[in-house]
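Asks: What follows is a predicted structure for the sequence shown.
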Amino acid sequence: MKKLFLFLLCTLPFLYPSAQDAAVFPPQLIQQSIYAKKTTANIVLDGKLNEAGWQTANIVTHFKQVEPFQGEASDYATIVKILFDKKNLYIGAFCKDTAGKKGVRVQDFRRDFDYFSNDLFGVALNPFNGKRNATAFQTNLFGALRDLQVFDDNIFDREWDALWNARSHITDSGWSCEMAIPWKTLRYPKQKTDSTTWGINFVRIARRENEASAYPGFPRSFDSYRMGYAALLKGIEPPPPSTNIQINPYWVNQLDNKKTNRPKNAKIAPTNIINQNKNNVGRLLPRLFFWLGMYKTQQKTQQQYKWQSYNCITHGRLHKGW
């Protein structure tokens, strides 16, 4: 009897798959489609979604739980709408909560706030629709910004800070948010037709009960950046991609408090504005000439771009199309 018990104990794990393996379901064979709507009205970014364009936009709902009960309908309903114009892609969401203002949880206003410690709504975009890379934008009910890039599903660049904006609004029945993502912030291919198709995922965290929900949904062992589980965003008409540059000038000085035996009338050499390394002058001059050249170029195109330059440099590398 003892031998039979040991035999069953050793063979049962192979006969029945583990809960973790059963939880990983494959992507849908036919991806769901989401249609954005073009607007000509001015969108005031205040998180309230009360402009006329939002009232006629298509609705995305039926979020599914990722945690704690994977695949079940979310206990916290979420409604998403998408608009666009010549400059921006707009994402609007209303995150219902029966507890109202008392039910929401948020930590702070920091950029790139902690993902699991806040009520959160986010979107992940895959403009090339290659199902491998994602550009994610997330906000909480204070309108704080969190963004990152994901490559090959598991390489995360959380240091990437894009130029975009978001605002949130808290009500007695939940909270809402508006995101304005400039086309110039996104990298996408040049389309041959007026409209194009992107991959898109939505995620929401209701921190009060640690519920994570998503649309169209993904396994709990993955995350919202797995674009193989994404829906298709259709109907958008982005402008032709272009090279865009963001310049962040800065000034660094050095203060030396060391006492020396220098005579009172001796001349003091000016402090190096970067540091005392002799090679810094060679690095500083090209940057200075580059900045002056870009300043002159921006002056020529000031009327066209109204001094809006968008993120194109990541870790010192220039990317075309950002």
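Replies: Arrived safely.
Asks: for the chain, which strand is longest?
Replies: As far as residue count goes, and with DSSP state E defining each element, the longest strand of the chain is strand 196-206.
Asks: so who does the residue most central in space within the chain touch?
Replies: In the chain, the C-alpha nearest the mean C-alpha coordinate belongs to Phe137, at 1.9 Å (CA atoms, centre = their mean). The neighbourhood of Phe137, defined by CB atoms under 8 Å, 6 or more residues apart in numbering, consists of Ile91, Gly122, Val123, Leu125, Leu145, Arg146, Asp147, Ala162, Trp164, Ala166, Met179, Ile181. Bear in mind the C-beta positions are built from the backbone N, C-alpha and C, glycine included.
Asks: What pairs with whichever strand or helix holds it, parallel or antiparallel?
Replies: With secondary structure defined by DSSP states H and E, Phe137 is part of strand 134-140. Strand 134-140 has the following strand partners under DSSP bridges: strand 120-126 (antiparallel), strand 145-151 (antiparallel).
Asks: by contact count, what packs against the longest strand of the chain?
Replies: In terms of contact count using 3 or more CB pairs under 8 Å, 6 or more residues apart in numbering; DSSP states H and E, strand 196-206 is assigned the packing partners strand 78-84, strand 88-96, strand 120-126, strand 134-140, strand 211-215, strand 231-236.
Asks: Mean pLDDT and distance to Gly71 added to these, as a markdown table?
Replies: Formatted as a markdown table, the entries for the helices and strands packed on strand 196-206 read as follows, by pLDDT from 0 to 100; distance: least, CB to CB, whole Å:
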| stretch | mean pLDDT | distance to Gly71 |
| --- | --- | --- |
| strand 78-84 | 97 | 16 |
| strand 88-96 | 96 | 20 |
| strand 120-126 | 96 | 20 |
| strand 134-140 | 96 | 22 |
| strand 211-215 | 95 | 11 |
| strand 231-236 | 95 | 16 |
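Asks: any chance of the ones you listed in CSV, plus distance to Ser224?
Replies: Below are the helices and strands packed on strand 196-206 laid out as CSV (distance: least, CB to CB, whole Å):
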stretch, distance to Ser224
strand 78-84, 13
strand 88-96, 14
strand 120-126, 5
strand 134-140, 7
strand 211-215, 6
strand 231-236, 12
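Asks: Compare those strands and give me the one nearest Ile205.
Replies: Of all the helices and strands packed on strand 196-206, the one in closest proximity to Ile205, counting by CB to CB, is strand 120-126 (4.3 Å).
Asks: Contacts for that closest one, please.
Replies: Contacts of strand 120-126 from elsewhere in the structure, counted by CB under 8 Å, 6+ apart, are 78, 91, 93, 95, 132-140, 146, 150, 177, 179, 186, 198-205, 207, 224-225, 227, 230, 233.
Asks: That strand: how far from the chain's middle?
Replies: Its chain's C-alpha centre lies 6 Å from the corresponding centre of strand 120-126 when counted by CA atoms, centre = their mean, to the nearest Å.
Asks: Can you list the buried residues in it?
Replies: By neighbour count with 16 or more other CB atoms under 10 Å, strand 120-126 contains the buried residues Leu120, Phe121, Gly122, Val123, Ala124, Leu125, Asn126.
Asks: before we move on, back to that, filter the contacts of strand 120-126 down to the buried ones, ChimeraX style.
Replies: ChimeraX command restricting those to the buried ones, with burial defined by 16+ other CB under 10 Å:
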select :78,91,93,95,133,134,135,136,137,138,139,140,146,150,177,179,186,198,199,200,201,202,203,204,205,207,224,225,227,230,233
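Asks: re the thing from before, to Trp251, which of the strands paired with strand 134-140 lies closest?
Replies: When these are compared by CB to CB, strand 145-151 sits nearest Trp251, at 25.3 Å.
Asks: if we look at the closest one, which residues are touching it?
Replies: By CB under 8 Å, 6+ apart, the list of residues contacting strand 145-151 from outside reads 111-113, 115, 120, 122, 124, 132-140, 156-158, 160-162, 164-166, 225, 314.
Asks: pLDDT on it, on average?
Replies: The average of the pLDDT scores along strand 145-151 is 95.
Asks: following that strand, which helix or strand shows up next?
Replies: Defined by DSSP H and E, the subsequent element after strand 145-151 is strand 155-157.
Asks: strand partners of that following strand, parallel vs antiparallel please.
Replies: If you go by DSSP bridges, strand 155-157 pairs up with strand 145-151 (antiparallel).
Asks: Alpha carbons of the strand it pairs with, in PDB - could you do that?
Replies: The C-alpha trace of strand 145-151 is given here as PDB (Å, rounded to 0.1, in the frame of the first residue of the first chain):
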ATOM      1  CA  LEU A 145       2.900  60.300 -15.600                       C
ATOM      2  CA  ARG A 146       4.500  56.900 -16.000                       C
ATOM      3  CA  ASP A 147       5.900  55.700 -19.300                       C
ATOM      4  CA  LEU A 148       8.300  53.100 -20.700                       C
ATOM      5  CA  GLN A 149       9.400  51.200 -23.700                       C
ATOM      6  CA  VAL A 150       9.400  47.400 -24.000                       C
ATOM      7  CA  PHE A 151      11.400  45.400 -26.500                       C
END
